[in-house]
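> generate a structure from the sequence data that follows.
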Amino acid sequence: MQHKVRTTRFLLAALLGVTAGALSAEKPSGFDRDIAQFVNEMSVQHGFESAGLRQLMEKVVFRQSIIDAITRPAESKPWWKYRPIFLTSSRISQGVTFWNENAALLQKAEEEYGVPPELIVAIIGVETRYGQHIGSYPVVDALSTLAFGYPKRSDFFRRELVQFLLLTREERIAPETALGSYAGAMGLPQFIPSSYRAYAVDFDGDGQRDLWHSRADVIGSVAAYFQKHGWKAGGAVTTRVSGVESRHEAFVTEDLKPSISFGELRRSGIRSEDPVADSTLASLIRLEGDNELEFWLGLHNFYVITRYNHSNLYAMAVYQLSREILAQHNKLTNPEGLLVTDSGRPESK
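You can find the predicted model right below:
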């Protein structure tokens, strides 16, 4: 009965979201041919029943709005324009509310995976504003549009379409009703299909990994994702540095992965706001602030955040949002560990 209710919700959402994005007047040349070939390959390689899969894929709608959206990602903005998108008072306060509503699950996730609550909450806040904006595109349309109508990344999205269909079979999801982002990311944490299959966990133990409706699965899956990408419990994420000059440009252009010892940076005249051991590997990050350039160290845990989205801007927004959420959450908690309610009276958690 539970799965039937979930399927009904998906169907209603799909009907409401059918107008999401403008439809293209013309499909790209070869679109239908490529879909037919894909159906045959899925039948041979993965055992899908041809007639049923063909029926699903023949209803796929090519959406030009998806192509338009993927060519103008938010990560192309400078930091001073990118930061205000996510560091807002409402997103911070809603994050605290989400934390309080799911405190036991967040504590359980931290105990099991070593990932702090504020980071898990910040990821969900950045991705979907705590579930308010999970996407209105049929995932099969989004992935098919990009797989067969966006040559620049067609191979990647074709693989994700394969992963999506395997996922729907494994998790008993009706593929025609699942909704997500223009890039096919799903649920509150916006996992792409390959990440969903590899990292999502059944944290509530009901036999299904449900990133749309189960807060437990959402929270556990985000924590599991970071733990499996090497998150170090209690480790620092980043710290601001000063003393960076034009002669340090070679350091700034290093890869996202920490590869420079802080000792080398320190000896070249760069100073950190927080103590950092000389042996610590870091990347040197440059951000375009309102009035000046900002420079930060990307430490190991910062790099782990970029595994969720390969962008320093994204990782910094998540980190700073997490710090703001933690600060506001702590203001509502007295030293005895009692939550202060709106009435001002302490109440046991």
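
> tell me which strands and helices the longest strand along the chain is in contact with?
In the chain, with assignment by DSSP state E, the single longest strand is strand 281-288. Packed against strand 281-288 by the contact rule (3 or more C-beta pairs under 8 Å, 6 or more residues apart in numbering; DSSP states H and E) you find helix 79-86, helix 249-252, strand 260-261, helix 262-267, strand 293-298, helix 300-306, helix 312-331. The way it works is simple: take the backbone N, C-alpha and C, and place the C-beta from them, glycine included.

> how about the second one: buried residues?
When neighbours are counted by 16 or more other C-beta atoms under 10 Å, the buried residues of helix 249-252 are found to be Phe251.

> follow-up on the earlier one: least confident of the helices and strands packed on strand 281-288, on average?
Lowest mean pLDDT of the helices and strands packed on strand 281-288: helix 249-252, a mean of 93.

> residues contacting Gly150?
Slight slip there: residue 150 is Tyr, not Gly. 67, 70, 157 (C-beta atoms under 8 Å, 6 or more residues apart in numbering).

> typo on my end, it should be Pro193
Pro193 is in contact with 139, 143, 160-161, 163-164, 166-167, 184, 186, counting by C-beta under 8 Å, 6+ apart.

> which of these sits closest to Gln208?
Lowest distance from Gln208 to the contacts of Pro193 (C-beta to C-beta) belongs to Leu167, with 11.3 Å.

> the closest one against Gly180, yeah?
No - taking contacts as C-beta atoms under 8 Å, Leu167 lies outside contact range of Gly180: 11.5 Å.

> neighbour-wise, which of the two wins?
Gly180 (26 against 22; other C-beta atoms under 10 Å).

> tell me the pLDDT of that one.
Gly180 is assigned 98 on the pLDDT scale.

> from here on, call the first residue 332.
With 332 as the first residue, the last one maps to Gly511.

> give me the phi and psi angles of it.
phi -160, psi -160 (degrees, to the nearest 10).

> how close does it get to Ser467?
From Gly511 across to Ser467, the span is 9 Å (C-beta to C-beta, to the nearest Å).

> what's next to the host helix or strand of Glu491, contact-wise?
According to DSSP states H and E, Glu491 maps onto helix 485-502. Helix 485-502 has contacts (C-beta under 8 Å, 6+ apart) with 369, 373, 377, 379, 384, 470-471, 474-475, 477-479, 481, 504-506, 509, 514-515, 523-525, 527-528, 539-541.

> what subset of the residues you listed is buried?
Buried among the contacts of helix 485-502 by 16+ other C-beta under 10 Å: 369, 373, 379, 384, 470-471, 474-475, 477-479, 481, 504, 506, 509, 514-515, 523-525, 527-528, 539-541.

> now, these that are in helices?
Here DSSP state H is the test, and the buried ones among the contacts of helix 485-502 give 369, 373, 384, 470-471, 474-475, 477-479, 524-525, 527-528 as lying in helices.

> from those, which single one is nearest Glu449?
Taking C-beta to C-beta as the measure, Tyr527 is the one of those closest to Glu449, at 23.7 Å.

> need the pLDDT of the nearest residue in space to the closest one that is not next to it in sequence.
Nearest residue to Tyr527, sequence neighbours excluded (C-beta to C-beta, 6 or more residues apart in numbering): Leu498, at 5.5 Å. Listed pLDDT for Leu498 reads 98.

> again with Tyr444
Here the pLDDT value assigned to Tyr444 is 98.

> try Ser360
If you check Ser360, the pLDDT there is 89.

> next one: Glu585
Looking at Glu585, its pLDDT reads 70.

> from Lys358, how far out is the closest residue to it other than its chain neighbours?
Once flanking residues are discounted, Glu585 sits nearest to Ser614: 5.5 Å by C-beta to C-beta, 6+ apart. Ser614 sits 42 Å away from Lys358, going by C-beta to C-beta.

> of these two, who's got more company?
Higher neighbour count among Ser614 and Lys358: Ser614, with 23 against 17, using other C-beta under 10 Å.

> is it true that the more buried one touches His631?
No - Ser614 lies out of contact with His631 (C-beta under 8 Å); the separation is 10.0 Å.

> for those two, list the residues in contact with both.
Residues touching both Ser614 and His631 (C-beta under 8 Å, 6+ apart): Pro589.

> Leu587 reaches Leu644, doesn't it?
No - counting by C-beta under 8 Å, Leu587 does not reach Leu644; the two are 11.4 Å apart.

> with neighbour numbers in mind, choose between those two.
Higher neighbour count among Leu587 and Leu644: Leu644, with 23 against 16, using other C-beta under 10 Å.

> now that one. Nearest residue, chain neighbours left out?
Tyr413 (4.9 Å).

> pretty sure Gly456 is touching Trp430, no?
No - judged on C-beta under 8 Å, Gly456 makes no contact with Trp430 at a distance of 10.0 Å.

> what's the overlap in contacts for the two?
Counting by C-beta under 8 Å, 6+ apart, the contacts common to Gly456 and Trp430 are Ile656.

> more neighbours, these two?
Gly456 (27 against 20).

> ok, now which ones touch Pro447?
441, 653, 657.

> wait, the last one sits on Leu450?
Just to be clear, that refers to Leu657. No - Leu657 lies out of contact with Leu450 (C-beta under 8 Å); the separation is 9.1 Å.
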